[in-house]
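1. Here is my input, please return the structure:
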Amino acid sequence: VEHLFCSRAQNLFVVAFSLPSMLTLLVLLGLPFSGLRWVYGGLYGLLVVLLLATGLWEAFGLIRLAGIYGKLKSVRLNLVEPINTIGVRQIADLSTAWGICFAVQALFMLIGLWTAEWVASRESVFYASAFWSVFFITITAITFLYPKALIRPLVLRGKQEGLAWFQERFRDAEQQIGEIGLMELMRRNRALLLLKEYNELQVRIMMARVSPLDIPTMLKLAGSVLIPAGVFLGQNPEFLNRVGESIKRILP
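-> You can find the predicted model right below:
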């Protein structure tokens, strides 16, 4: 992982991704501006693409980090609530944050595509915005979900080890009960309370979540994916109308 964020490799990736993307947009769509307006449009597009390339590099790094961390055997696991193991929650929160960043990035990209006075036809702008909408929706979903899937085996291992630890403690408690005489009421009561405590602990372990995905996370994912889709459909109402008419023809 330490070599993944080498500045030289990152710079090469940013250049290799940004230049073809920017040149492709300029060649296919074209900028009719002159003077400062052309410079402004070019700088806006370059900034958006550079941010996108940097975000992709960071997302790949996060996926790599999650993959390595999920396979580590030396991690000190939280045996009662493995989802709260140090590093697991942080990686999950970071993947959610990066997914939201890609959604905001999509907003900037689509605004630029539909506010600039391109030389190309509206149909060409439509296909370009459709491509980038699908791209951002895909990369947002991957960034949201894939790192969480990679650290899930670590959480599952924590749950399994937690249950094994509980079973060992439970056997110890049963042995203590067997050693208690019938007349030793106080000691028996303490042993029963110990069993009750272990039983409640077992329920907590059994019910502990093993996936960083929860309802708030899924709502954030849905909202982030809807950003590029909503902007795209809002800019192309005729496309939405065609889809609606096609559905009506299919329905009886």
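
2. if I look at R76, how far off is R209?
-> As defined by CB to CB, to the nearest Å, R76 lies at a distance of 19 Å from R209. All C-beta spots, glycine's among them, are computed from the backbone N, C-alpha and C.

3. buried residues in stretch 86-94?
-> For stretch 86-94, a neighbour-count test (16 or more other CB atoms under 10 Å) marks G87, V88, I91, A92, L94 as buried.

4. Closest one of these to M218?
-> Proximity of those to M218 (CB to CB) peaks at A92, which lies at 12.4 Å.

5. Remind me which helix or strand the closest one belongs to.
-> Assigned by DSSP states H and E, A92 belongs to helix 88-115.

6. Going by contacts, tell me the helices and strands next to that helix.
-> helix 36-71, helix 122-178, helix 215-235 (3 or more CB pairs under 8 Å, 6 or more residues apart in numbering; DSSP states H and E).

7. just to revisit the earlier point, more neighbours, R76 and R209?
-> R209 (13 against 9; other CB atoms under 10 Å).

8. what secondary structure does the closest residue to the more buried one other than its chain neighbours sit in?
-> Nearest residue to R209 in three dimensions, chain neighbours excluded: I83, at 4.9 Å (CB to CB, 6 or more residues apart in numbering). I83 falls in the helix class when you classify it by DSSP: H, G, I helix; E, B strand; the rest coil.

9. Does I83 touch V155 like I think?
-> Yes. Look at I83 against V155 with CB atoms under 8 Å: they come within range, at 5.7 Å.

10. sorry, back to before: what comes up buried for the helix holding A92?
-> In helix 88-115, counting by 16+ other CB under 10 Å, buried: 88, 91-92, 94-96, 98-103, 105-106, 109-110, 112-114.

11. just stretch 219-231 next, same as before
-> Buried residues in stretch 219-231 (16+ other CB under 10 Å): K220, L221, S224, V225, I227, P228, V231.

12. Relative to Y44, which of the residues you listed is nearest.
-> Nearest member of the buried residues of stretch 219-231 to Y44, counting by CB to CB, is V231, at 16.3 Å.

13. Mind putting the helices and strands packed on helix 88-115 into JSON lines with mean pLDDT?
-> Shown next, in JSON lines, are those (pLDDT from 0 to 100):
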{"stretch": "helix 36-71", "mean pLDDT": "83"}
{"stretch": "helix 122-178", "mean pLDDT": "83"}
{"stretch": "helix 215-235", "mean pLDDT": "76"}
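
14. In CSV: those, plus distance to R242.
-> Output for the helices and strands packed on helix 88-115, formatted as CSV (distance: least, CB to CB, whole Å):
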stretch, distance to R242
helix 36-71, 29
helix 122-178, 12
helix 215-235, 11
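
15. and the nearest residue to P82 once chain neighbours are set aside, how many neighbours does it have?
-> Leaving aside its chain neighbours, P82 sits nearest to G158 (2.8 Å; criterion: CB to CB, 6+ apart). G158: 25 surrounding residues under other CB under 10 Å.

16. Kindly report the same for the one 4 residues further on.
-> A total of 22 residues lie near G162 under the criterion other CB under 10 Å.

17. can you tell me which helix or strand the closest residue to it other than its chain neighbours belongs to?
-> Nearest non-adjacent residue to G162, counting by CB to CB, 6+ apart: L79, 3.6 Å away. Secondary structure from DSSP H and E places L79 outside every helix and strand.

18. Just the pLDDT at the closest residue to L50 other than its chain neighbours, thanks.
-> Once flanking residues are discounted, L50 sits nearest to S18: 5.4 Å by CB to CB, 6+ apart. On pLDDT, S18 comes in at 84.

19. What of the one 5 residues further on?
-> At L23 the predicted local confidence, pLDDT, stands at 79.

20. what do you get for the one 5 residues further on?
-> In the prediction, the pLDDT value recorded for L28 is 79.

21. in terms of contact, does A120 touch V27 like I think?
-> No. Contact criterion CB under 8 Å: A120 and V27 do not qualify, at 9.6 Å.
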